[in-house]
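1. no FASTA, just this:
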């Protein structure tokens, strides 16, 4: 075996200010050292029930069915599309960023007919365009949208879309990967039928699970399928037989340690309360945005439609995207994200999510930028970013 | 949020002697507390490369492409079938247990034509039957078989099957979920094109990842697909762009902590060496089998075709399956497995895998059975099981 690869694992301690993963509380990391239980152990089933119940609270659903899918956020996306769509079904997908495009790609692979309702990256989709599309077509099975688009930082309001979708008898599916536990999702109140998220963003756990929630209407849609979902691994009907009810039917071996981590992260969320957590994300995001603007940088998304946990910033003309990010990583141990897709090389994505959403991180990042940008030929007024951020924090 | 579900997590310490998960070394559990890294952090890419390289060693392949799929063993099964099969392709699946049946189910969902070559549960499949089937049909894309069938404990020899498959130009896919790191797999030497496993069996890590390996022929088959795989999440071409080569293209956020755990588990395997690990599994399995026989219990699989890390035992006529397993769990903290599918209620499955494969566990389980069985009306000679096991261990 290659000896060079076998050294002791000592990863550096990064300050994770990218689009996720975010930093994880020591409490959550430590929870993963708890002893492993079998997937049908009565004690593990109690843990599963507790996690499902806490997820109902976070998603804002009283009667919905919740579980963490044994895969990352994209597995949750695929679970929704592959269980709610059958070949020849028609789906309308709102597409204003990288993850809207990913939904289109996955829906196509289900052999569904996909209608896109698009908007420019960095802007929300106009609900009137959705309505116009639904009026034209009959029998739309599903409308899907991204709540907080991680590629741009746009926060798309969900309530109007849900109303429109339901008025045409379509199911409404929402990507809450970056929004859950950072922005209110309120599944029941909003009228969401399938909502999926990920553990490594505002929830504050390591990446690896995708919490999902299904409304009663979504569950009915599962029962009335004409064909089996193409994915067996993500078959929500089979997963329900394991996660719910009196007889727990083995489907796959649950990722026990990851479920411990999610549970501990959910406990921390509940101790902080969702309301305080939303406020914290907003307050720190506002401070960051004020600081970045004071440095003369251009934000890609205006305040009224932004999600405060993920801010996309235009890379200034004379600055090399990769060099700046590499220096931030090497000299300050800070990770920020580059652009995805058509934003590659053009924007930085700065995340303040979960444990990473801290005043100290805002000030440290602004301070690092005030140091590095002038060295790379971009002039800033010393102290300006930090002053502007501090003014928002007072 | 429901308060009753929010108590501190304190799972009991079980002795896991079921079909997996097995016990996990404290070293592996502790590795998951290491700081989270971003999925494109250069330090994380070094870790990925190390894991891929150690996996090549474990799978026994010099030139194969290896990675851990971000899902459990069944996700590895689905990755293989959904990437190597297209609609209308024909697959021959060897089916002598629950997991052979699962392969049939997943292949059907890929809209492939499936030909089963079956054998009774508890017996291996006759390679001549495979050859006869291949002779009859033209253009078989894939032959798939289970190496160590977790529902029965049969160890199916792979080399003859590989030769037959290749002589008819079919790819050869192997389920090594229970065999990897417990029995020699030797992918290159055997002639395996796609091999998948799971972390929670003989590898000794928590459940959550599915290490897989592809031969060059399998990689060529990926490149020459006419259609995209139905699963985007498990698309091995996209995963390869992230796991291999100079430009790492984002696919999904890697489950960082689980990859740390796998890495530490692989280090432990390499310190023990595969050879010693195989011997340990065999020695402890032989002792267990001798002890169970001395208690008058009937093993479902004869020695010549058994896998020593998973022993299936017939539930005696007058003993209630569930009561015995519940008492083992409550009174001795020992988990053993029940039967799956047609073996439900009829067999116990006793695993001695990875960390769980210890002399102490063999003796403890036999001692617990010697205590419980007579209380439930099944007569055994006191000390007989332990003596017989000890004789094998000397």
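-> The structure has been received and is ready for your questions. Predicted model, so just to flag it, every value in this text is computed and none were measured.
2. where's residue A:385 relative to chain B, distance?
-> 23 Å (Cβ to the nearest Cβ, to the nearest Å). Every C-beta, even on glycine, is put in place using the N, C-alpha and C of the backbone.
3. element containing that residue?
-> helix A:384-393 (DSSP states H and E).
4. now swap in residue A:271 and tell me
-> helix A:256-272.
5. residue A:211 now?
-> strand A:210-214.
6. same check, this time on residue A:228
-> Applying DSSP H and E, one finds residue A:228 in no helix or strand.
7. pretty sure it contacts residue B:109?
-> Yes. Counting by Cβ atoms under 8 Å, residue A:228 does reach residue B:109; the two are 5.8 Å apart.
8. and these two? Which one has more around it.
-> residue B:109 (22 against 15; other Cβ atoms under 10 Å in any protein chain shown).
9. circling back to that earlier point, what's the strand holding residue A:211 packed up against?
-> Contacts defined by 3 or more Cβ pairs under 8 Å, 6 or more residues apart in numbering or on different chains; DSSP states H and E place strand A:210-214 against helix A:42-59, strand A:65-69, helix A:73-84, strand A:194-196.
10. chain B is nearest to which of the ones you listed?
-> Closest approach to chain B among these (Cβ to the nearest Cβ): helix A:42-59, 3.3 Å.
11. flag every buried residue along the closest one.
-> By neighbour count on 16 or more other Cβ atoms under 10 Å in any protein chain shown, the buried set for helix A:42-59 is A:44, A:47-48, A:50-59.
12. that helix and chain B in contact?
-> Yes. Under the criterion of Cβ under 8 Å from any Cβ of the partner chain, helix A:42-59 makes contact with chain B via A:42-44, A:47, A:49-51, A:53-54, A:57.
13. my guess is residue A:58 contacts residue A:273. True?
-> No. In this structure residue A:58 lies outside contact range of residue A:273 using Cβ under 8 Å: 11.3 Å.
14. mind listing what residue A:208 touches?
-> Applying Cβ atoms under 8 Å, 6 or more residues apart in numbering or on different chains, we find residue A:208 in contact with A:71-72, A:199-200, A:255, A:258, A:261, B:70, B:208, B:255-258.
15. chain neighbours aside, what residue packs nearest to it?
-> The shortest distance from residue A:208 to any non-neighbouring residue, by Cβ to Cβ, 6 or more residues apart in numbering or on different chains, is to residue B:255 (3.4 Å).
16. what residues does the stretch 51-200 of chain A have near chain B?
-> Going by Cβ under 8 Å from any Cβ, the residues of the stretch 51-200 of chain A near chain B are A:51, A:53-54, A:57, A:70-75, A:78, A:82, A:102, A:105-106, A:109-110, A:198, A:200.
17. show me the residue sitting in the middle of chain A in space.
-> What sits nearest the mean C-alpha location of chain A, by Cα atoms, centre = their mean, is residue A:177, with 1.8 Å.
18. what residues sit buried inside stretch A:248-264?
-> For stretch A:248-264, burial by neighbour count (16+ other Cβ under 10 Å) applies to A:248, A:250-264.
19. which parts of chain A are helices?
-> In chain A, the segments counted as helices under DSSP state H are A:26-31, A:42-59, A:73-84, A:98-109, A:127-136, A:159-167, A:187-190, A:216-223, A:236-243, A:256-272, A:274-294, A:321-332, A:359-375, A:384-393.
20. of those, flag the one that's most buried.
-> helix A:73-84 (a mean of 28; mean count of other Cβ atoms under 10 Å in any protein chain shown).
21. just how off-centre is that helix within its chain?
-> The chain centre lies 14 Å from the centre of helix A:73-84; the measure is Cα atoms, centre = their mean, to the nearest Å.
22. then stretch A:349-360?
-> 14 Å.
23. same question for stretch A:313-329.
-> Mean C-alpha position of stretch A:313-329 versus that of the full chain (Cα atoms, centre = their mean) differs by 24 Å.
24. near chain B at all, it?
-> Yes. If you take Cβ under 8 Å from any Cβ as the test, stretch A:313-329 does meet chain B, through residue A:329.
25. how long is that stretch end to end?
-> Length of stretch A:313-329, first residue to last, Cα to Cα, to the nearest Å: 17 Å.
26. could you give the mean pLDDT of it?
-> Averaged across stretch A:313-329, pLDDT comes to 97.
27. what do you get for stretch A:71-85?
-> 98.
28. again, but for stretch A:242-255
-> For stretch A:242-255, mean pLDDT is 94.
29. wait, residue A:314 touches residue A:343, no?
-> No. Using Cβ under 8 Å, residue A:314 is not in contact with residue A:343; the gap is 9.4 Å.
30. quick one, which of these two is more surrounded?
-> Under the criterion of other Cβ under 10 Å, the comparison of residue A:314 against residue A:343 puts residue A:343 first, with 21 against 17.
31. need the contact list for the more buried one.
-> Contact analysis of residue A:343 by Cβ under 8 Å, 6+ apart lists A:98, A:121, A:151-152, A:300, A:312.
32. and what of residue A:152?
-> Contacts of residue A:152 (Cβ under 8 Å, 6+ apart): A:96-97, A:121-122, A:300-301, A:312, A:343.
33. how much space separates the closest residue to residue A:164 other than its chain neighbours from residue A:92?
-> The shortest distance from residue A:164 to any non-neighbouring residue, by Cβ to Cβ, 6+ apart, is to residue A:131 (5.0 Å). To residue A:92, residue A:131 is 10 Å away according to Cβ to Cβ, to the nearest Å.
34. give me the low-pLDDT residue ranges for the stretch 151-300 of chain A?
-> Within the stretch 151-300 of chain A, no stretch falls below the threshold (pLDDT under 70).
35. 90 - rerun?
-> A:245-247 (pLDDT under 90).
36. need the residues of the stretch 251-394 of chain A near chain B, please.
-> Selection of the stretch 251-394 of chain A residues close to chain B by Cβ under 8 Å from any Cβ yields A:251-258, A:260-261, A:263-264, A:267, A:270, A:329, A:335, A:337, A:340.
37. swap the cut-off to 10 Å and go again
-> Selection of the stretch 251-394 of chain A residues close to chain B by Cβ under 10 Å from any Cβ of the partner chain yields A:251-261, A:263-264, A:266-267, A:269-271, A:273-274, A:325-326, A:329-330, A:335-338, A:340-341, A:355.
38. okay, now residue A:186: neighbour count?
-> Other residues within reach of residue A:186 by the criterion other Cβ under 10 Å amount to 16.
39. swap in the one 5 residues further on?
-> A total of 20 residues lie near residue A:191 under the criterion other Cβ under 10 Å.
40. quick check: phi and psi on residue A:251?
-> phi -120, psi -70 (degrees, to the nearest 10).
41. residues touching it, list them.
-> Residue A:251 is in contact with A:39, A:70, A:232-233, A:235, A:237-243, B:72, B:74, counting by Cβ atoms under 10 Å, 6 or more residues apart in numbering or on different chains.
42. got it, and residue A:51?
-> A:66-68, A:209, A:211, A:243, A:259-260, A:262-263, A:266, B:5.
43. that one and residue A:261: what is the separation?
-> Where residue A:261 is concerned, residue A:51 sits at a distance of 10 Å (Cβ to Cβ).
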